[in-house]
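[1] sequence unknown, structure follows:
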């Protein structure tokens, strides 16, 4: 029996999907959990271990390969160098923790934005695509000629840290004006709170946005304008056929992608590239789909990007 596991490890929650191999009658299994606010890294690891233990019990057989979609910066040994959303992880030997939780499993990892881009490209059959995912941060990925750019061996494509306004808001990374500083979910919620004059939860924003409330409109619109600037800028470099907007935050706001497209139309220069703007085919699950693909491909050694991930996991 073969079992493939995908994990999308985000700053707010972890989504997990278990799938069987070809011809396996086993039904798929999905679950998710949210990180406890204010928890330290030991509590985070305990929560992850408990989740993976439930997955192992459900699998009924050893997990063959696990693919992880991560927003974390790792060194070649699998130690966390930086994760602004959970700074307590710095110095964590994540590779060892995961092998302890999933003994005997081939574990591979890649950037969450890169995996989302690859999954979306395969889903829509497009070989030249830019992905921007709106969530706790801004995930980004570029696929050119059907392959990740610049390629895993050279690092991920961090479009969330593309500077679009050098005098703009301070980003989690410490710079000013990154796309993430203005267009991520937390950035939009902070702006909504200022405009409303009171704290705003995501559910409240969704409700106010649907109702056309002025403070919600203004808060979301600015995020869409910044994403449009990123789409226009990347088009000058990559000439992608489509810019895909995904992520759980964007997925919960009907009309979000259309608003990005409206702003993007106003940024097209005469004779310049005009990629279409499209909603993620996989909704808010692009990175999770990519993680499962990574697990499957790693077992089959079918992709050069995956070979790097296997090498990194086994270093």
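    Structure received. A quick note: this is a predicted structure, and the numbers were derived from the prediction, not measured.

[2] quick one, phi psi at residue 278?
    phi -140, psi 150 (degrees, to the nearest 10).

[3] kindly report the same for residue 224.
    phi -60, psi -40.

[4] which non-adjacent residue is nearest it?
    residue 259 (4.1 Å; C-beta to C-beta, 6 or more residues apart in numbering). To be clear about C-beta, it is placed using only N, CA and C from the backbone, and glycine gets the same treatment.

[5] where's the one you found, which helix or strand?
    Here residue 259 sits within helix 256-265, counting by DSSP states H and E.

[6] now do the buried residues in that helix.
    The neighbour-count check on helix 256-265 (16 or more other C-beta atoms under 10 Å) flags 256, 257, 259, 260, 261, 263, 264 as buried.

[7] can you check stretch 273-291 too?
    Within stretch 273-291, the residues that count as buried by 16+ other C-beta under 10 Å are 275, 277-282, 284-291.

[8] sorry, back to before: pLDDT score for the residue nearest to residue 224?
    Here the pLDDT value assigned to residue 259 is 97.

[9] what residues are up against it?
    220, 221, 224 (C-beta atoms under 8 Å, 6 or more residues apart in numbering).

[10] what does residue 198 give?
    So residue 198 contacts nothing (C-beta under 8 Å, 6+ apart).

[11] list phi and psi for it.
    phi -160, psi 150.

[12] from residue 212, how far out is it?
    Using C-beta to C-beta, to the nearest Å, residue 198 is found at 19 Å from residue 212.

[13] all strands for the stretch 1-150 of the chain, in order.
    3-9, 13-20, 29-34, 65-70, 73-74, 80-82, 106-111, 129-134, 138-144, 147-149 (DSSP state E, counting those that start in this stretch).

[14] before we move on, what about the stretch 201-315 of the chain?
    Taking DSSP E, counting those that start in this stretch as the criterion, the stretch 201-315 of the chain carries its strands at 242-246, 276-279.

[15] quick check: neighbours of the last one in the sheet, parallel or antiparallel?
    What that stands for is strand 276-279. strand 242-246 (parallel) (DSSP bridges).

[16] and the strand it pairs with, what's buried?
    242, 243, 244, 245, 246.

[17] closest to residue 35 out of those?
    residue 246 (20.8 Å; C-beta to C-beta).
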